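> the following comprises the amino acid sequence and a computationally predicted model.
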Amino acid sequence: MPTFFPQPIDASLVPRFAGLPTFMRLPAVTNFEDVDIGLVGVPWDGGTTNRAGARHGPREIRNMSSLMRKVHHVSNIAPYDLVRVGDVGDAPVNPIDLLDSLAQIEGFYAKIHRAGCIPISAGGDHLVTLPIFRGIAKHRPVGMVHFDAHSDTNDTYFGNNPYTHGTPFRRAIEEGLLDPKRTVQIGIRGSVYSAEDLDFAKAVGIRVIHMEEFAALGVEATLREVRKTVSDGPTYVSFDVDALDPAFAPGTGTPEIGGLTTLEAQHLVRGLQGLNLVGADVVEVAPPFDVGGNTALVGATLMFELLCVVADAQARQRTIREESPAEVEQ
């Protein structure tokens with residue numbers, strides 16, 4: 001293992017408002033093999049069906065991530081001491097061609113995956129998770145912990161268009177990238193197009209936890225449902241900021257009142273420690289609708305929360321590989 005672990009720029013030496021903006025003020029990295037976890041931007045919202053703007057999310061999340069420090073104040077996880085982490089830049093996108101963007105994003109993440117790098121991404125609208133899955137999950141389906149106001153398992157929009165931010169997980173299941181029986185969705189709420197909107201999700205075995213059920217269960221019981229659902233298999237975490245109540249995250253394309261608080265979200269993400277996490281994203285931060293950068297700050301903070309639990313998972317997997325290499329799934 002390398003002896004050098006990249007560290008963020010020290011804010012006591014260089015002010016947070018100075019220097020090049022990178023995720024968590026980490027070094028910008030061009031070789032994916034130089035890091036164990038790559039922080040990635042996906043500046044694309046070509047799947048948005050109404051209020052666009054999430055293409056600007058990665059840049060603003062980078063800016064706000066300068067407020068993050070090195071050690072988690074509750075778990076004491078110091079991610080930069082556990083694994084090598086760097087900002088690997090943005091996935092290439094085409095703002096006027098949806099299918100070309102999907103292909104370019106997939107190719108970028110396939111390179112990340114081949115290098116053995118685990119991605120934690122900032123979107124972008126939620127359709128970006130589909131090409132991410134295509135890049136990292138073709139060799140085996142992943143389970144998923146999905147925070148969202150919407151199931152994103154619709155079939156088509158505007159006639160026969162199968163690719164919008166409301167369809168990524170239906171496509172991922174159809175393509176064998178996502179295991180629905182190891183998928184849990186938390187925070188689902190809001191009016192729907194028809195009474196049958198969630199029929200597909202339920203039929204394929206997704207564990208759907210509506211916001212009303214979460215309110216009744218509470219954080220700890222919900223986390224027990226999560227662990228029972230995803231078990232110890234490879235698991236991806238996707239966090240749409242509209243899972244949060246718009247009082248906490250107004251800068252998003254499809255807000256729904258009655259959502260999670262930021263504190264509940266933090267407790268839920270922290271509770272994922274110990275799972276076999278193989279990637280994560282924070283999506284749908286739309287700065288044009290933000291207030292004072294608050295939603296971008298939420299996105300940056302959730303990225304750090306996710307980084308801590310993913311870094312912990314990768315450090316544990318490295319220990320297992322070193323002790324019993326034949327028993328670890330590659």
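Nice, I can see it.
> which residue ranges form the helices in the protein?
Secondary structure of the chain (DSSP state H): helices at 57-64, 79-82, 98-114, 129-136, 168-174, 199-204, 211-230, 262-270, 294-323.
> can you redo these as a markdown table with mean neighbour count?
Where you see a C-beta, it was placed from the backbone N, CA and C, and this is true even at glycine. Formatted as a markdown table, the helices of the chain follow (neighbours: other C-beta atoms under 10 Å):
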| stretch | mean neighbour count |
| --- | --- |
| helix 57-64 | 24 |
| helix 79-82 | 19 |
| helix 98-114 | 19 |
| helix 129-136 | 26 |
| helix 168-174 | 23 |
| helix 199-204 | 15 |
| helix 211-230 | 16 |
| helix 262-270 | 19 |
| helix 294-323 | 21 |
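> partner strands of the strand ranked longest in the chain, with direction?
With secondary structure taken from DSSP state E, the chain has its longest strand at strand 178-188. Strand 178-188 has its sheet partners listed here by DSSP bridges as strand 142-147 (parallel), strand 207-210 (parallel).
> quick check: which of these is buried the most?
strand 142-147 (a mean of 26; mean count of other C-beta atoms under 10 Å).
> what's the mean pLDDT across that one?
The pLDDT scores in strand 142-147 average 98.
> just stretch 24-43 next, same as before
When pLDDT is averaged over stretch 24-43, the result is 97.
> what's the answer for stretch 278-292, then?
97.
> ok, now which ones touch the closest residue to residue 17 other than its chain neighbours?
Spatial nearest neighbour of residue 17, chain neighbours left out: residue 66 (7.4 Å); criterion: C-beta to C-beta, 6 or more residues apart in numbering. Taking C-beta atoms under 8 Å, 6 or more residues apart in numbering, we find residue 66 in contact with 11, 16, 17, 21, 25.
> try it again at 10 Å.
Applying C-beta atoms under 10 Å, 6 or more residues apart in numbering, we find residue 66 in contact with 8-9, 11, 14-19, 21-25, 300.
> again with residue 193
Listed by C-beta under 10 Å, 6+ apart, the contact set of residue 193 reads 154, 157, 166.
> from residue 74, how far out is residue 273?
Per C-beta to C-beta, to the nearest Å, residue 273 is found 10 Å from residue 74.
> residue 281 now?
For residue 281, the distance to residue 74 - C-beta to C-beta - is 22 Å.
> have a look at the two and say which one is more surrounded.
residue 281 (25 against 10; other C-beta atoms under 10 Å).
> where does pLDDT dip in the chain?
1-3, 325-330 (pLDDT under 70).
> 80 instead?
Scanning the chain for pLDDT under 80 picks out the ranges 1-4, 321-322, 324-330.
> tell me how many other residues surround residue 35.
If you count neighbours by other C-beta under 10 Å, residue 35 ends up with 25.
> quick one, what contacts it?
Residue 35 is in contact with 2, 5-6, 26-27, 29, 83-88, 112, 115-118, counting by C-beta under 10 Å, 6+ apart.
> can you select the buried ones from these in PyMOL?
Here is the PyMOL command that selects only those of these that count as buried (16 or more other C-beta atoms under 10 Å):
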select buried, resi 5+6+26+27+29+83+84+85+86+87+88+112+117+118
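> about what we covered before: by neighbours, which of the contacts of residue 66 wins?
residue 23 (29 neighbours).
> rewinding a little: now do the buried residues in the longest strand of the chain.
In strand 178-188, counting by 16+ other C-beta under 10 Å, buried: 178, 179, 180, 182, 183, 184, 185, 186, 187, 188.
> what's the answer for stretch 37-50, then?
For stretch 37-50, a neighbour-count test (16+ other C-beta under 10 Å) marks 37-49 as buried.
> how much space is there between the residue nearest to residue 288 when sequence neighbours are not counted and residue 66?
In this structure, residue 288 finds its nearest non-sequential neighbour in residue 53, 3.9 Å apart by C-beta to C-beta, 6+ apart. Separation of residue 53 from residue 66 (C-beta to C-beta) stands at 21 Å.
> same deal with residue 10?
Look at residue 10 and residue 66: by C-beta to C-beta, they are 12 Å apart.
> give me the common contacts of those two.
Common neighbours of residue 10 and residue 66 (criterion: C-beta under 10 Å, 6+ apart): residue 25.
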